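Q: fold the following and give me the result.
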Amino acid sequence: SVFYNRQNSYDPYSELNDLLKPTTLLDGRKIESYNWKGTFGNIEGSNLNIKLPIGINNITLEVSDGILTTKKTITVEVEDSNPPEITLKGVNPQTIEIGTLYIELGATALDKVYGDVSESIAIDSTVVDVNTVGSYSVEYDVVDASGNNASQVVRTVNVVDTTAPVLTIPSDITVDTDTKVTTVNIGIATATDIFDVTITNDAPVTYPLGTTTVTWTATDANGNSSTKTQKVNVFAKTSLNVFAQPVQYSDETILTVKLTSLGESLAGKTIEFNIENIIVGTVTTDSNGTATLSKNIDLMASSYEVKAVLNSVDDNYLRGSQSTTDLVVLPENIEIQYNGDIIVEHTNPLIISAKVVQEDDGFYGDLTKNTVRFEVSKVNNDNTLTVVQTYEVPCYSTGIATITKEFTVGVYKVTATTLDNGYFTPVSNEVIV
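A: Predicted structure coming up:
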């Protein structure tokens, strides 16, 4: 007979306290062989140590004492009562921004019998609404082939709004004022967000001279906010009044300007004078806001635009300004003196010469700008004149214009006239030679 315990097969005649040793029959014969048979094949030995598959397993043991053989079959039912274990991948809780794509992080599942059963995991994330702020539960479940349900694992998915509104504000503003404070229309800001947005600013009611920084803030329904700053620059208007004293060519004129702002004279400011957009000098205003510039004029007789310019003074927030007037330039007064030959032998050439002389006012122009026309006319017996020759001769820097010509015997009238050149007053003189 063969009996089984968990570890050995034994002969009923052997001593119970000696189960792990070979047993001996009462007649003195020992069991010589043990042969186990089953789905695992044939295994010899008194002890059987194997892993059995889940389900019904029939195991047969044959024993022999060398003469007789006996066997017995038992049925072993192996049951799996161990559920799989689920492990989440990634973070828990998981946070995603509203309006963005939900990405499943996944999970793994291990079973003591079936190993990796991750592919069998059922994930229910249907409750996640990426367009609504809130906290959602994603459920993970798995069942092994033996029907063991794993303990459900839950991942919390928080849909949040951390995106600040996109704020667009008006550009920086620069305004001019003739008062010490002024109101300013700074414009309107806009903002975009998936939630309602409130826009505020800290703009004052009135703005003083200088730069005021206005802070705009846009806040959405979830408390996300963005800020931007706008600069409001307030400049004081200025006023210039300019006067130009009429002047003759080559003489000195006085250019005068008066500078005021907000009803007060401005001292210590640099004024630039232009004549026909050419800078002729700069001056600084005195305590009365007045400045003068003395300037020699090298312009022909005409009317010229004089402009006084104050460039913007950013550090004092003074707006630049300008004023214009006309400068009247008159021709310089001169006289012409004949200083050539009066009587000459007919065999000698006649020196025709004249000298242009400026008035002695301390300012002297360029006499080379003058050209003298000499008109030589013969005096007839009846005292009528017949023009013989005309010459145009430029002056030297000394004012002298001269030419030498030969004439026949006779009486001639020589008229010396300065041509009109815009710089000097035309004059003439005549002599008989």
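Q: spatially central residue in this protein, please.
A: residue 171 (12.8 Å; Cα atoms, centre = their mean).
Q: tell me which element that one falls in.
A: In this structure, residue 171 sits in neither a helix nor a strand according to DSSP states H and E.
Q: again with the one 3 residues further on
A: Taking DSSP H and E as the criterion, the element that holds residue 174 is strand 173-177.
Q: the helix or strand encompassing residue 232 versus strand 173-177: what angle between them?
A: Using DSSP H and E, residue 232 falls within strand 225-236. Calculated by axes from the mean of the first three to the mean of the last three Cα atoms, to 10 degrees, strand 225-236 forms an angle of 30 degrees with strand 173-177.
Q: how far away from the center of its chain is the helix or strand that comes right after strand 225-236?
A: On the C-terminal side of strand 225-236, the nearest following helix or strand under DSSP H and E is strand 238-244. For strand 238-244, the separation from the chain centroid amounts to 40 Å (computed by Cα atoms, centre = their mean, to the nearest Å).
Q: hang on, the earlier thing: on contacts alone, who are the packing partners of the strand holding residue 174?
A: In terms of contacts (3 or more Cβ pairs under 8 Å, 6 or more residues apart in numbering; DSSP states H and E), strand 173-177 is packed against strand 225-236. For every residue, glycine as well, the C-beta is placed using N, CA and C.
Q: try 10 Å
A: On a contact count with 3 or more Cβ pairs under 10 Å, 6 or more residues apart in numbering; DSSP states H and E, strand 173-177 meets strand 207-208, strand 210-220, strand 225-236.
Q: mind checking those for the one nearest to residue 324?
A: strand 225-236 (21.3 Å; Cβ to Cβ).
Q: who touches the strand holding residue 174?
A: Strand 173-177 has contacts (Cβ atoms under 10 Å, 6 or more residues apart in numbering) with 182-187, 207-209, 211-212, 214, 230-238, 262, 312, 317-321.
Q: before we move on, what about stretch 272-280?
A: For stretch 272-280, contacts defined as Cβ under 10 Å, 6+ apart pick out 242, 244, 253, 255, 257, 281-283, 291-293, 295-297, 299, 302, 304-311, 322, 324, 327, 329.
Q: hang on, the earlier thing: so the strand holding residue 174 versus strand 210-220, what angle?
A: 140 degrees.
Q: give the partner strands of strand 173-177 in its sheet and their orientations.
A: strand 225-236 (parallel) (DSSP bridges).
Q: quick one: the strand it pairs with to chain centroid distance?
A: With Cα atoms, centre = their mean, you get 16 Å for strand 225-236.
Q: that older thread, now do the contacts for the residue nearest to the centre of the chain.
A: 186-187, 230-231.
Q: select only the buried ones of the contacts of strand 173-177 in ChimeraX?
A: Entered in ChimeraX, the line below selects the buried ones among these, by 16 or more other Cβ atoms under 10 Å:
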select :182,184,186,207,209,212,214,230,232,233,234,235,236,238,317,318,319,321
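Q: now do the strands in the stretch 301-433 of the chain.
A: 302-310, 321-330, 334-338, 350-358, 371-379, 385-394, 400-405, 412-418, 428-432 (DSSP state E, counting those that start in this stretch).
Q: lowest-pLDDT helix or strand in the protein?
A: strand 9-10 (a mean of 38; mean pLDDT, DSSP states H and E).
Q: partner strands of the helix or strand just after that one, parallel or antiparallel?
A: As assigned by DSSP H and E, the chain's next helix or strand after strand 9-10 is strand 33-38. Looking at strand 33-38 with DSSP bridges, its partner strands are strand 41-44 (antiparallel), strand 55-64 (antiparallel).
Q: switch those strands over to TSV; also include mean pLDDT and distance to residue 86.
A: Formatted as TSV, the strands paired with strand 33-38 follow (pLDDT from 0 to 100; distance: least, Cβ to Cβ, whole Å):
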stretch	mean pLDDT	distance to residue 86
strand 41-44	92	36
strand 55-64	91	25
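Q: mind checking which of these is nearest residue 35?
A: Per Cβ to Cβ, nearest to residue 35 of these: strand 55-64, 4.4 Å.
Q: would you mark the buried spots in that closest one?
A: 57, 59, 61-63.
Q: just put those in a markdown table and tack on distance to residue 93.
A: Formatted as a markdown table, the buried residues of strand 55-64 follow (distance: Cβ to Cβ, whole Å):
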| residue | distance to residue 93 |
| --- | --- |
| 57 | 46 |
| 59 | 51 |
| 61 | 57 |
| 62 | 62 |
| 63 | 63 |
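Q: out of the residues you listed, which is nearest to residue 388?
A: The closest of the buried residues of strand 55-64, once distances to residue 388 are taken by Cβ to Cβ, is residue 57, at 157.6 Å.
Q: is it true that the closest one touches residue 75?
A: Yes - applying Cβ atoms under 10 Å, one finds residue 57 in contact with residue 75, separated by 7.2 Å.
Q: so, low pLDDT: which residues of this structure?
A: 1-28 (pLDDT under 70).
Q: switch to 80 and redo it
A: By pLDDT under 80, the low-scoring segments of the chain are 1-29, 312-315.
Q: the following helix or strand past the strand holding residue 174 pairs with which strands?
A: As assigned by DSSP H and E, the chain's next helix or strand after strand 173-177 is strand 181-182. As defined by DSSP bridges, the strand partners of strand 181-182 come to strand 207-208 (antiparallel).
Q: show me what the closest residue to residue 167 other than its chain neighbours is bridged to.
A: Of all residues not flanking residue 167 in the chain, residue 218 sits nearest, at 4.2 Å (Cβ to Cβ, 6 or more residues apart in numbering). Judged by DSSP bridges, the bridge partners of residue 218 are residue 199, residue 226.
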